[in-house]
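> Here is my input, please return the structure:
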Amino acid sequence: MERRRQAGGIVHTYQRYDPTNFPSPTDPSGPDLVSSAFEHSLMYGSRRRLTPEELARAIRIDPSQIQGFGPSIDAIRAILEERKRKILATYETDRVQQRAAEELVAIAHLAKPPAELRKRYQRAVQTEQIFELERLWYSTGNDHTPFAHHLLKVMQSMGDKYQVDELAAKYDFTGQTPLTVPEALEVKQELEKIDELLEQLKEVEQNGQIGIIDLEELEEFVEPGQLEQLQQMQKMVEDHLREIAEQQGLSQDSSGAFQLTPQAYKIFQGKLLSKIFSSLQASKTGRHQGAIAGEGAVELQETKPYEFGDSLANLDLSQSVINTLINRREDEPIRFRGDDLEIHRTRNSPKCATVVVMDMSGSTRYDGQYMHVKRMALALDGLIRSEFPGDYLQFVEMASFAKPVKRGEIIDLLPKPVTISDPLVRLKVDMSRQDVSEALIPPHFTNIQHGLQQARLMLANQDTPNKQVIVITDGLPTAHFDKSWLYLLYPPDPQTEEATFREGMMCKREGITINIFLLPSWSQTEEDVHFARNLAESTAGRVIFTGGNDLDRFVVWDYVNRKREILG
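Next up, the predicted model:
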């Protein structure tokens, strides 16, 4: 009966383990399951859930937190290395290589190819090309002929010779015992299995990664009692990870796959922001804004003497009382005077309304650019929720069409599949027709004009003069609307650029600032750069060139800076 393989790894064998030595699941230094789960979801969306095995392989724990970790790994390695040493000291491979070559020649000579295939067959055998033999097999046109059957035997023999030659080249045998070809193949399989287990042990020892060691393979090399101890330790590790998963907001569905809860979103966004701002501080830029003195909403620690017109809502009561006690005479009753009062300085925190237009066209699948875009969106959402809760933030997915996206749906976005590979595309369709639906339209084009239009409509009713659109794209637009007509044009066409510029100017007239973040792409040219720069200049906006890995950092820090400068 086949043993069901469990998730998790091993780490202990001969020594007794101590459950109290395991780190608490609430320990902040414990393994980070949330980031691993989110990275998986950023890549695949909701199409494929993260399995327990995949999560276990993605997690790293500190080996020093598990008692007996090092000695256990050393003991297992010693068993495997000793087994390998004995095999190499027992056998020799010169004679089996010769035997494999002789068997190939013998079986090849028994074949009787048709006259039209004879030369090709002889050349394939002489050069030992299995691929050519496969092509010959298909060329026979009938896999039931005697020659077709014999070709399969020749390919099998040639494949065996390949493996025997690889065995002799890969390992240094020092023994004297000869091998048959089947025995050599078995020895090769066992040595490769040992090498794979040794590599797993090495990786586990270095980073404590769980779920690496194959217990089914290891069973062949250890005693039953030793394997039972390994399985017990494995169960402890699994229980430990399950507790951590619950603490970090990962839940398992009925199939055992992991799902992300709102708690996991919050934790991951916090980790993103912590990482972003730590790198910014390393580059000598601080997170905190410079104070904008005035009648603001955010109270500062710094104080000043009261002046006529200052709001008493920001009164520093303790310092004011101290000033009064210091300044009054002994026989005088306690009375507050104007020059005794201390007022906290304040700074303005202007409300900002932002719409982020995220390019999910087909080209963003290259180098995983779409993952950087989604990571940025989650980081920006986390920043505004925690630091600027009064701000307005919406997201728009942009490809052939632009659509509003809820915060909870961002992680499931994927680049649109490319359905047209023609080098020249000139399509237009009237989307007002009853027989036309969006599902019938190639989805992978880039419609920046529609993205800006959707953003402008979202910002129209916001009661703040500080409105902005953040457009994240990798190049020129290839689609636009003209009333109800949708145009899909590739290579990019001037009329699409003109339509995009017109929409940009409408945003400018409504006081909306356009900030373009241009991602690098394998197909990017000077025309892409010029388009982004011209759109930003014509609308009094900005264009920022950034690599995908830095996108979340640049967007978040740009947002904080713009808050400080007061948009508009």
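
> Next one: residue 495 relative to residue 424, how far apart?
15 Å (C-beta to C-beta, to the nearest Å). No exception for glycine: its C-beta is placed from N, CA and C like everyone else's.

> for residue 355, same thing?
In this structure, residue 355 and residue 424 are 33 Å apart, going by C-beta to C-beta.

> now do residue 516
The gap separating residue 516 from residue 424 is 27 Å, by C-beta to C-beta.

> before we move on, back to that, more crowded one of residue 495 and residue 424?
residue 495 (12 against 7; other C-beta atoms under 10 Å).

> mind listing what that one touches?
Shown here is residue 495, whose contacts under the criterion C-beta atoms under 8 Å, 6 or more residues apart in numbering are 480, 487, 489.

> Centre of the chain to the host helix or strand of the second one, how far?
Right, the one you point to is residue 487. Here residue 487 sits within strand 485-490, counting by DSSP states H and E. Taking the mean C-alpha point of strand 485-490 and that of its whole chain, the gap between them comes to 32 Å (C-alpha atoms, centre = their mean, to the nearest Å).

> Show me what it is packed against.
Under the contact criterion of 3 or more C-beta pairs under 8 Å, 6 or more residues apart in numbering; DSSP states H and E, the helices and strands touching strand 485-490 comprise strand 425-430, strand 479-482, helix 494-509.

> these two touch, right, residue 479 and residue 443?
No - counting by C-beta atoms under 8 Å, residue 479 stays clear of residue 443, with 10.2 Å between them.

> Quick check on those two: which one has the bigger neighbour count.
Between residue 479 and residue 443, counted using other C-beta under 10 Å, residue 479 has the larger neighbour count: 31 against 17.

> Can you give me the separation between the more buried one and residue 138?
Going from residue 479 to residue 138 by C-beta to C-beta gives 44 Å.

> check contacts around the residue of the chain positioned farthest from its centre.
Note on the chain: the largest C-alpha distance from the chain mean falls to residue 331, namely 73.0 Å (C-alpha atoms, centre = their mean). When contacts are counted by C-beta under 8 Å, 6+ apart, residue 331 is found next to no other residue.

> For it, give its distance to residue 323.
Counting by C-beta to C-beta, the gap between residue 331 and residue 323 amounts to 19 Å.

> what does residue 488 give?
72 Å.

> and the residue farthest from the centre of the chain, which of the three is it?
Recorded secondary structure, residue 331: coil (DSSP: H, G, I helix; E, B strand; the rest coil).

> okay, now residue 155: neighbour count?
Burial measure for residue 155: 17 neighbouring residues, criterion other C-beta under 10 Å.

> contacting residues for it?
When the contact criterion is C-beta under 8 Å, 6+ apart, the partners of residue 155 are 130, 133-134, 137.

> Next SSE downstream of the helix or strand where residue 135 lies?
For residue 135, the host element (DSSP H and E) is helix 130-139. Sequence order places helix 146-170 as the next helix or strand after helix 130-139, per DSSP H and E.

> looking just at contacts, which helices and strands does the helix or strand just after that next one meet?
The first helix or strand that comes after helix 146-170 along the chain, using DSSP H and E, is helix 181-207. Taking 3+ C-beta pairs under 8 Å, 6+ apart as contact, the helices and strands that helix 181-207 lies on are helix 69-90, helix 94-109, helix 146-170, helix 215-218.

> Save these as TSV, and put in mean pLDDT and distance to residue 500 too.
Rendered in TSV, the data for the helices and strands packed on helix 181-207 read as follows (pLDDT from 0 to 100; distance: least, C-beta to C-beta, whole Å):
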stretch	mean pLDDT	distance to residue 500
helix 69-90	81	59
helix 94-109	93	66
helix 146-170	91	58
helix 215-218	72	58
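
> would JSON lines of those with distance to residue 433 be doable?
Supplementary listing: the helices and strands packed on helix 181-207 in JSON lines, determined by distance: least, C-beta to C-beta, whole Å:
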{"stretch": "helix 69-90", "distance to residue 433": "67"}
{"stretch": "helix 94-109", "distance to residue 433": "66"}
{"stretch": "helix 146-170", "distance to residue 433": "56"}
{"stretch": "helix 215-218", "distance to residue 433": "59"}
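
> Indicate which one of the ones you listed is closest to residue 559.
With respect to residue 559, and counting by C-beta to C-beta, the nearest of the helices and strands packed on helix 181-207 is helix 69-90 at 43.9 Å.

> about what we covered before: and residue 180, which of the helices and strands packed on helix 181-207 is closest to it?
helix 94-109 (6.9 Å).

> what sits up against the closest one?
Applying C-beta under 8 Å, 6+ apart, the contact partners of helix 94-109 are 125, 128, 150, 153-154, 157-158, 160-161, 164-165, 168, 178-181, 183-184.

> Now with 7 Å, please.
Outside of helix 94-109, the residues that reach it under the criterion C-beta atoms under 7 Å, 6 or more residues apart in numbering are 125, 153-154, 157-158, 160-161, 164-165, 168, 178-181, 184.

> In ChimeraX, how would I select just the buried ones from those residues?
In ChimeraX, this line selects whichever of the contacts of helix 94-109 come out buried by 16 or more other C-beta atoms under 10 Å:
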select :125,154,157,158,160,161,164,165,168,179,181,184
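
> now, which of the contacts of helix 94-109 sits nearest residue 400?
Distance to residue 400, by C-beta to C-beta, is smallest for residue 158 among those, at 51.0 Å.

> okay but that closest one is in contact with residue 132, surely?
No - Residue 158 is beyond contact range of residue 132, at 10.4 Å (criterion: C-beta atoms under 7 Å).

> Am I right that residue 417 is in a helix?
No - under three-state DSSP, residue 417 falls outside any helix and is assigned coil.

> any idea how far it is from residue 311?
Relative to residue 311, residue 417 is positioned 58 Å away (C-beta to C-beta).

> do the same with residue 537
When distance is defined by C-beta to C-beta, residue 537 is 42 Å away from residue 311.

> ok, back up a step: tell me which of the helices and strands packed on strand 485-490 is the most buried.
Per-stretch averages of neighbours, counted by mean count of other C-beta atoms under 10 Å, single out strand 479-482 among the helices and strands packed on strand 485-490, with a mean of 22.

> Mind giving me the packing neighbours of it?
Other elements packing on strand 479-482 under the criterion 3 or more C-beta pairs under 7 Å, 6 or more residues apart in numbering; DSSP states H and E are helix 448-459, strand 485-490, helix 494-509.

> quick revisit: now do the shared contacts for residue 479 and residue 443.
With contacts defined as C-beta under 7 Å, 6+ apart, the residues shared by residue 479 and residue 443 are residue 400.

> For the stretch 251-400 of the chain, just list every one of the strands.
Taking DSSP state E, counting those that start in this stretch, the strands of the stretch 251-400 of the chain run over residues 258-260, 293-305, 342-347, 353-359, 392-398.

> among these, which gets the worst mean confidence?
When the strands of the stretch 251-400 of the chain are compared by mean pLDDT, strand 293-305 comes last with a mean of 59.

> I appreciate the help and will end here.
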